[in-house]
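Peer 1: need a structure here:
(2 chains, ligands or ions: 1)
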Amino acid sequence: MYTEKVMDHFTNPRNVGEIADANGIGEVGNAKCGDIMRIYLKVDDKDIIQDVKFKTFGCGAAIATSSMVTEMVKGKSLTEALEISNQAVAEALGGLPPVKMHCSNLAADALHEAIKDYMEKKGK
Amino acid sequence: MKRIYFDHSATTPVDREAAALALEYMTDKFGNASSIHSFGRESRKAVDAAREQVAALLGATPNEIFFTSGGTEGDNLAIKGVAFANRKKGNHIITSAIEHHAILHTCEYLEKQGYEVTYLPVDEYGMVRIEDLKKAITDKTILISIMFANNEVGTLQPVKEIGRIAREKGIYFHTDAVQAAGNYPIDVNELNIDLLTLSGHKFHAPKGIGALYIRRGVKVDEIQHGGGHERNMRAGTENVPGIAGLGKAAEIAKRDMEKKTARLRSMRDRIIREITEKIPHIKLNGHPTERMPGNVNFSFLYVEGESLLLNLDLKGIAASSGSACTSGSLDPSHVLLAMGMTHEVAHGSLRVTLGRDNTDEDVDYFLEVLPEIISRLRAMSPLFGAGGTARAGNPCSECQAHSH
Ligand SMILES: Cc1ncc(COP(=O)(O)O)c(C=O)c1O
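Peer 2: Predicted structure coming up:
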């Protein structure tokens, strides 16, 4: 059902956890749906993502996409990060089963929420 | 890697004796049971023998047993067959909210044909309340169909009492015993059952074979038309290998019933006891005592079922879950929701169903790896531990695909 890449990120998720002094936090999904993703960002003065971590409640795809998106944005600028779509995350994982494309593929949305949160806090 | 099969409610391995017999009736003894010649007679004999074995399993007589392609067909035949044959008497059917889709979707179809269906609710343990049943009966009620044991949470329904009430009111009582038949003692006379569906692959017979018990005198229309097989009740050349295998599996199930249920019960109770001791924030789903001997079903809060199953699978353990993610739909199991569980809790359910080949060592291993998997997933869960942030940007709340 899942690609090797999905299983790799599911079994060894990268960047799990929280950032105590995060300056951007985003969350999407809800427990009713069975998926919640929360992304923590540490963004520096030059708008570069220095650190990123996630916490996810959800199925294999939810965990793998969360892990993948953190890998994709670490060290990137916010402008670059905003260009990453859910579709791109799924593609980076070698694709997801069609039923998972909807609910469990929200990691980029969570990232964008975190960036929005950062911008709002900065008053940008 | 060692593989442990804990999903016997999904299906079971075919018993070797039953498989050998089925093979014999595919290769050497391949005759059409309707043929006059010796090849045909040989097959007919096997079908007759199996009918006796299946009847014996249920305390029925052989002419009350009709072979079908399995549980789904048996359920369809029972519900539609009774509904069509008794249309003049009434158009009301009573069933429950926790039935298998083979029952629920058949009832929904009949609603479109002008029948009325009452779906009884269940209590928090997944049991139908007799009071609700009594209140639902009208003078138009022709059939009560309540499952014997639920396939997800294993709750045993008050079948005998339901049968008694149905009998008293002159209403037919069908029970979907796909999970219970061959795995739990059943006597159709003692339990006042008029129709009963069973499926071979749940008790070590091949897939695609089953039977419907129809008490003598019960009026049922055939729903599949063709030749006069199964005394005009089910047209189609008999699946002799499947039928022979089913008969053998029924014989073995009857022979080993007491021993097997006692063993499964003790393994089940040990799993329930140790999970309760070892893992916090859990909920046992289903009835504490009135449950199938091999069924364990827990919800692990803050954990999602599919990721739990995948982790167990990586350790070689095969189980199942009522999580939406494992059903291919977006909603978790209708059974868990009908029991009053929230979506959140239903998503974290794990079903372990034991079978005759499971050992105490299997249970040891499972109990060893499970707590570690649960803690790992909880450590990753935003719902666990420190409180969550505001639920911003929730795409699910706008989603048309969800009907919560
Ligand atoms: C309670 C119940 N009814 C009916 C069925 C359908 O049986 P079959 O797979 O033989 O069609 C199942 C199988 O999962 C079941 O558990």
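Peer 1: low-confidence stretches in the stretch 201-350 of chain B?
Peer 2: Within the stretch 201-350 of chain B, the stretches with pLDDT under 70 are B:324-330.
Peer 1: and what of chain A?
Peer 2: Applying pLDDT under 70 to chain A flags the ranges A:103, A:124.
Peer 1: got the residues of it near chain B?
Peer 2: A:7, A:10-11, A:13, A:16, A:18, A:25-38, A:55-63, A:99-100, A:102-104, A:106, A:109, A:112-113, A:116-117 (Cβ under 8 Å from any Cβ of the partner chain). Any C-beta I mention is one placed from the backbone N, CA and C, and that applies to glycine too.
Peer 1: the top helix by length along chain A packs against which elements?
Peer 2: Determined from DSSP state H, the single longest helix within chain A is helix A:107-122. Judged by 3 or more Cβ pairs under 8 Å, 6 or more residues apart in numbering or on different chains; DSSP states H and E, the packing partners of helix A:107-122 are strand A:24-30, strand A:35-43, strand A:49-57, helix A:60-73, helix A:78-82, helix A:86-92.
Peer 1: same list (the ones you listed) but as CSV, adding distance to B:M341 and mean neighbour count.
Peer 2: CSV is the format used below for those (distance: least, Cβ to Cβ, whole Å; neighbours: other Cβ atoms under 10 Å in any protein chain shown):
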stretch, distance to B:M341, mean neighbour count
strand A:24-30, 16, 24
strand A:35-43, 18, 26
strand A:49-57, 16, 23
helix A:60-73, 21, 26
helix A:78-82, 38, 16
helix A:86-92, 29, 18
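Peer 1: how about the closest residue to chain A within the stretch 151-300 of chain B, nearest residue that isn't a chain neighbour?
Peer 2: With Cβ to the nearest Cβ as the measure, B:F300 is the residue of the stretch 151-300 of chain B nearest to chain A, at 11.4 Å. Computed as Cβ to Cβ, 6 or more residues apart in numbering or on different chains, the closest residue to B:F300 that is not its neighbour in sequence is B:G348, at 4.8 Å.
Peer 1: so who does that neighbour touch?
Peer 2: Contacts here follow Cβ atoms under 8 Å, 6 or more residues apart in numbering or on different chains; on that basis B:G348 touches B:299-305, B:308, B:323.
Peer 1: that one and B:E152: what is the separation?
Peer 2: Distance of B:G348 to B:E152, given as Cβ to Cβ, to the nearest Å: 14 Å.
Peer 1: looking at the helices and strands packed on helix A:107-122, which is closest to the ligand?
Peer 2: Proximity to the ligand, assessed across these by Cβ to the nearest ligand atom, is greatest for helix A:60-73 (23.4 Å).
Peer 1: near the ligand, which residues of the stretch 101-250 of chain B show up?
Peer 2: Neighbours of the ligand within the stretch 101-250 of chain B, by Cβ under 6 Å from any ligand atom: B:102, B:147, B:151, B:176, B:178-179, B:199, B:210.
Peer 1: one step back: how about the residue of the stretch 151-300 of chain B closest to chain A, what does it touch?
Peer 2: Applying Cβ under 8 Å, 6+ apart, the residues contacting B:F300 are B:279, B:281-282, B:308, B:348, B:350, B:374.
Peer 1: highest neighbour count among those residues?
Peer 2: Neighbour tally across the contacts of B:F300 (other Cβ atoms under 10 Å in any protein chain shown): the maximum, 32 neighbours, falls on B:G348.
Peer 1: quick check: the gap between it and B:P13.
Peer 2: Per Cβ to Cβ, B:G348 is found 29 Å from B:P13.
Peer 1: do B:D221 as well
Peer 2: Distance of B:D221 to B:P13, given as Cβ to Cβ: 36 Å.
Peer 1: the domain parsing of chain B - what is it?
Peer 2: Domain assignment for chain B by automatic domain parsing gives B:4-9+B:257-379, B:16-253.
Peer 1: nearest to A:A88, out of those?
Peer 2: Closest approach to A:A88 among the domains of chain B is made by domain B:4-9+B:257-379 (22.2 Å; Cβ to Cβ).
Peer 1: quote the end-to-end distance of the closest one.
Peer 2: 26 Å (Cα to Cα, to the nearest Å).
Peer 1: equivalent analysis for stretch B:6-13, please.
Peer 2: 12 Å.
Peer 1: show me which positions of it end up buried.
Peer 2: If you call a residue buried by 16 or more other Cβ atoms under 10 Å in any protein chain shown, then stretch B:6-13 has these buried ones: B:6-9, B:12.
Peer 1: where helices are concerned, which of the residues you listed count?
Peer 2: Going by DSSP H, the helices hold none of the buried residues of stretch B:6-13.
Peer 1: let me have these in a markdown table, extended by distance to the ligand.
Peer 2: Output for the buried residues of stretch B:6-13, formatted as a markdown table (distance: Cβ to the nearest ligand atom, whole Å):
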| residue | distance to the ligand |
| --- | --- |
| B:F6 | 16 |
| B:D7 | 11 |
| B:H8 | 11 |
| B:S9 | 6 |
| B:T12 | 11 |
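Peer 1: among those, which pair sits farthest apart?
Peer 2: So, the buried residues of stretch B:6-13 by Cβ to Cβ: farthest apart are B:F6 and B:T12, at 11.7 Å.
Peer 1: element containing the residue lying closest to B:Y25 once chain neighbours are set aside, please.
Peer 2: Among residues not flanking B:Y25 along the chain, B:P241 sits closest, at 4.3 Å (Cβ to Cβ, 6+ apart). In this assignment (DSSP states H and E), B:P241 forms part of helix B:240-278.
Peer 1: who are the packing partners of that helix?
Peer 2: If you count contacts as 3+ Cβ pairs under 8 Å, 6+ apart, helix B:240-278 packs onto helix B:16-24, helix B:38-58, strand B:65-68, strand B:282-284, strand B:295-300, helix B:360-380.
Peer 1: the nearest residue to B:P121 once chain neighbours are set aside and A:G34, how far apart?
Peer 2: Among residues not flanking B:P121 along the chain, B:A97 sits closest, at 5.7 Å (Cβ to Cβ, 6+ apart). From B:A97 over to A:G34 the distance is 21 Å, taken as Cβ to Cβ.
Peer 1: now B:Q224
Peer 2: 39 Å.
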